[in-house]
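S.K.: from the sequence below, what's the structure:
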Amino acid sequence: KRATALSVYACGVYLGSAQSIAEGNSFRLASAPGEPFQTRFPPLFSAFLSLAFLGGGLNLPLLTKMLWLLLPVFLLVLWRWYQTAGVAPTRGAILCALIAVNVYGALFSISAMSELFACSLVMAALLFVDTEKIWLAAIFAGLLAVGYAVFQMTAHQRETAPLDELLESEQELKAEPRAI
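M.R.: Here you go, the predicted model:
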């Protein structure tokens, strides 16, 4: 059985693509008919999620830890950026604490969505822009740029029906009565 039962939703698309990457099948929708190229989202977050599939199937405890750890990583990078921006340490800690206890912070730390991952990379790039470690900023910015470039290249490689058509097909299947 494929890792994504709800492959038409963003979390399922990310996980399906991660499974495909881990299995060596390129950046594809593993759970869609014909396994078309995944053209909805950039591949960097799916490549990160593919680590949870490397043991021969979805390692759900590892995936949960990976997703949850994105929140403290983001908060740490944000707190360091606050320090370099001249925000008082107490105020920076309060701002980070407010993000940590915010319902959206909790939601993003338990779902397979790329917001915390991308924000961590952006904040890390900003953190190193004004320092002597400009090469680190270039690395983080390069990761974002490569992810976007690969996304743009795969957008032209649709082999089968686009995801919108898969959504319509699923809605048609739900509307049809089924014999028991």
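
S.K.: nearest the geometric middle of this structure, what residue?
M.R.: With distances taken as CA atoms, centre = their mean, residue 114 lies nearest the centre of the chain, 3.1 Å away.

S.K.: for residue 70, see how far away the nearest residue to that residue once chain neighbours are set aside is.
M.R.: By the measure of CB to CB, 6 or more residues apart in numbering, the closest residue to residue 114 outside its immediate chain neighbours is residue 45, 3.9 Å from it. In short, each C-beta sits where N, CA and C put it, glycine included. Note on residue 45: its distance to residue 70, by CB to CB, to the nearest Å, is 10 Å.

S.K.: overlap of the contact sets of these two?
M.R.: Residues touching both residue 45 and residue 70 (CB atoms under 8 Å, 6 or more residues apart in numbering): residue 117.

S.K.: if we can go back for a sec, which residues touch the residue nearest to residue 114?
M.R.: Taking CB under 8 Å, 6+ apart as the definition of contact, the neighbours of residue 45 are 14, 114, 117-118, 147.

S.K.: wouldn't the residue nearest to the centre of the chain be in contact with residue 13 here?
M.R.: No: with contact defined as CB atoms under 8 Å, residue 114 and residue 13 do not form a contacting pair (10.6 Å).

S.K.: for the record, mean pLDDT for stretch 58-77?
M.R.: Here the mean pLDDT over stretch 58-77 is 91, rounded to a whole number.

S.K.: re earlier: now for residue 114 and residue 13: what residues contact both?
M.R.: With CB under 8 Å, 6+ apart as the test, residue 114 and residue 13 both reach residue 41.

S.K.: what helices and strands are in contact with the helix or strand containing residue 107?
M.R.: Counting by DSSP states H and E, the element that carries residue 107 is helix 103-110. In terms of contacts (3 or more CB pairs under 8 Å, 6 or more residues apart in numbering; DSSP states H and E), helix 103-110 is packed against helix 60-84, helix 115-129.
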